[in-house]
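In: For reference, the sequence and a predicted model appear below.
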Amino acid sequence: MGSTVDAANKGVNGTASAKKPTVIFVLGGPGSGKGTQCAYIVEHFGYTHLSAGDLLRAEIKSGSENGTMIQNMIKEGKIVPSEVTIKLLQKAIQDNGNDKFLIDGFPRNEENRAAFEKVTEIEPKFVLFFDCPEEEMERRLLGRNQGREDDNIETIRKRFKVFLESSLPVIQYYEAKGKVRKIHAAKPIEDVFQEVKAVFTPEAEKVKHNTCVIL
Ligand SMILES: Nc1ncnc2c1ncn2[C@@H]1O[C@H](COP(=O)(O)OP(=O)(O)O)[C@@H](O)[C@H]1O
Ligand SMILES: Nc1ccn([C@@H]2O[C@H](COP(=O)(O)OP(=O)(O)O)[C@@H](O)[C@H]2O)c(=O)n1
Ligand SMILES: [Mg+2]
């Protein structure tokens, strides 16, 4: 008989014996640079990037029965029920051969967080939090130019409110567990990545590198 853990592993990985994947949650306000930095992390550290927002937008495009509901929620800056988002994340993890994932833009509220933990029994290794002032995030979103229906000032304001009211408490939850790695995100892309790189580089590597420089 399979244990709950086996069942959870089966749910995520497709086989009962497979090991749980390593997961890093990438959080921060809209426009804080999550997607941009994830692309660099993928290149340097071999993670697979899963953006919850991208998966939801792909679901709309695919003509799924949930498409209209998701589209309306995104336009209003609201958070889609976790049942929908977690299914998409689980499928993306299952379909991928990698064993380490950046989950970007999830969990965005307490419901997302608790449901993911319950369904997958996966605890994130740590939470990367991009801390950025609202004025800077607003400027970036208005200049993003990706044709997104939610990058207009009216929806942006709603998204900021949802971030403060629903997403920040999730970050505080992980902060209390000592899992948050805070990044100062209001700097040029390359400077932000320097800070990110330090989080991903093991201490031993840093020492080795410093030693080489001194020699
Ligand atoms: N450090 C930065 N400085 C200036 N612009 C940035 C920076 N990081 C990202 N951007 C730009 O800001 C916009 C939002 O970035 P993105 O990575 O999509 O953020 P998020 O996924 O957090 O919403 C994009 O147009 C991106 O090119
Ligand atoms: N966990 C999530 C992530 C995104 N979303 C929806 O998708 C929208 C866009 O998310 P995103 O992560 O692509 O946005 P950015 O923070 O990257 O600008 C959010 O405003 C929500 O409406 C969601 O409902 N649940
Ligand atoms: Mg994004």
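Out: Looks like it came in fine. Here the structure is a predicted model, which means the values were calculated and not measured. Ligands and ions are numbered 1, 2, ... in the order given.
In: Give the helix, strand or coil label for Asn72.
Out: Under the three-state scheme (DSSP: H, G, I helix; E, B strand; the rest coil), Asn72 adopts helix.
In: Now do it against Ala115, distance only.
Out: In this view, Asn72 and Ala115 are 21 Å apart by CB to CB, to the nearest Å. C-beta coordinates here come from the backbone N, C-alpha and C atoms, glycine included.
In: residues from the chain in reach of ligand 3?
Out: Residues of the chain lying near ligand 3 by CB under 5 Å from the ion: Lys34, Gly35.
In: pLDDT weak spots in the chain?
Out: Low-confidence segments of the chain, defined by pLDDT under 70: 1-18, 209-215.
In: rerun at 50
Out: Along the chain, segments meeting pLDDT under 50 span 1-11, 13-15.
In: What's the nearest residue in it when you look at ligand 3?
Out: Gly35 (3.6 Å; CB to the ion).
In: Only the buried residues of the helix or strand where that residue lies, if you could.
Out: Secondary structure from DSSP states H and E places Gly35 in helix 34-45. Within helix 34-45, the residues that count as buried by 16 or more other CB atoms under 10 Å are Lys34, Gly35, Gln37, Cys38, Tyr40, Ile41.
In: Take those and write them to JSON lines, including distance to ligand 2.
Out: Shown next, in JSON lines, are these (distance: CB to the nearest ligand atom, whole Å):
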{"residue": "Lys34", "distance to ligand 2": "6"}
{"residue": "Gly35", "distance to ligand 2": "6"}
{"residue": "Gln37", "distance to ligand 2": "11"}
{"residue": "Cys38", "distance to ligand 2": "10"}
{"residue": "Tyr40", "distance to ligand 2": "15"}
{"residue": "Ile41", "distance to ligand 2": "15"}
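In: quick one, strands of the chain?
Out: 22-28, 48-51, 100-104, 126-131, 180-184 (DSSP state E).
In: hey, which of the ones you listed is tucked in deepest?
Out: strand 22-28 (a mean of 23; mean count of other CB atoms under 10 Å).
In: how big is the angle separating that strand from strand 180-184?
Out: Strand 22-28 runs at 40 degrees relative to strand 180-184, counting by axes from the mean of the first three to the mean of the last three CA atoms, to 10 degrees.
In: Next up, the contacts around whichever residue of the chain sits closest to ligand 2.
Out: Relative to ligand 2, the nearest point of the chain is Gly53 (1.8 Å; CB to the nearest ligand atom). Taking CB atoms under 8 Å, 6 or more residues apart in numbering, we find Gly53 in contact with Ile74, Asp104, Gly105.
In: For the first one, which non-adjacent residue is spatially closest?
Out: Closest residue in space to Ile74, ignoring its immediate chain neighbours: Asp150 at 5.3 Å, by CB to CB, 6 or more residues apart in numbering.
In: Contacts only, for that neighbour.
Out: Each residue near Asp150 by CB under 8 Å, 6+ apart is listed here: Ile74, Lys75, Gly77, Ile156, Arg159.
In: so, if you compare those residues, which one comes nearest to Asp95?
Out: Nearest to Asp95, judged by CB to CB, of those is Ile74 at 23.0 Å.
In: was I right about the closest one contacting Arg57?
Out: Yes. The pair formed by Ile74 and Arg57 meets the contact definition of CB atoms under 8 Å, at 7.4 Å.
In: Perfect, I'm done here.
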